[in-house]
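Chemist: How does the following fold in three dimensions:
(one chain, ligands or ions: 1)
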Amino acid sequence: MMVLLLLSASVAGAEVREVVLLDGPPYYGNGSMVRVAVGDTVKWTNPMRKDGAVHTVTQMGCLTGDACEFDSGLLTPGQAFSYTFTTAGTYPYRCRLHAPMEGGVVVQ
Ligand SMILES: [Cu+2]
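Modeler: Numbers count the residues shown, from 1 in each chain. Below you'll find the model as predicted:
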């Protein structure tokens, strides 16, 4: 019972940071560079909008052959992608379809 209580407390301490994708600069909204704590989750949403574009959230390493932990695949309007960061570090990412569309997550 005690163990269960501790587990639920640590889960409750983790936060979900929401990032809403835009079709123009700043493409990743105010979340172009987000700072989170280890254990937090970032949730990217491509919102429903008329003529909305398809985007991805792709860790830079997936494109350069370096570390590749997350790649959302194609996110059509209305879809979301979440990733939980368990290791401190800096995680630059971009959209596979739109070269100038870049963002980053700093995990502390
Ligand atoms: Cu895009």
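
Chemist: Would you mind naming what in this protein lies close to the ion?
Modeler: Residues of the chain lying close to the ion (C-beta under 5 Å from the ion) are H55, C95, L97, H98, M101. Where you see a C-beta, it was placed from the backbone N, CA and C, and this is true even at glycine.

Chemist: are any of those buried, and which?
Modeler: Buried subset of those (neighbour count, 16 or more other C-beta atoms under 10 Å): H55, C95, M101.

Chemist: Roughly how far does the residue nearest the centre of the chain sit from the ion?
Modeler: Centroid check for the chain by C-alpha atoms, centre = their mean gives V42 as the closest residue, at 4.5 Å. From V42 across to the ion, the span is 17 Å (C-beta to the ion, to the nearest Å).

Chemist: Wait, a strand at that residue?
Modeler: Yes - counting by DSSP: H, G, I helix; E, B strand; the rest coil, V42 is part of a strand.

Chemist: Report the spatially nearest residue to it, omitting neighbours in sequence.
Modeler: Of all residues not flanking V42 in the chain, R17 sits nearest, at 4.9 Å (C-beta to C-beta, 6 or more residues apart in numbering).
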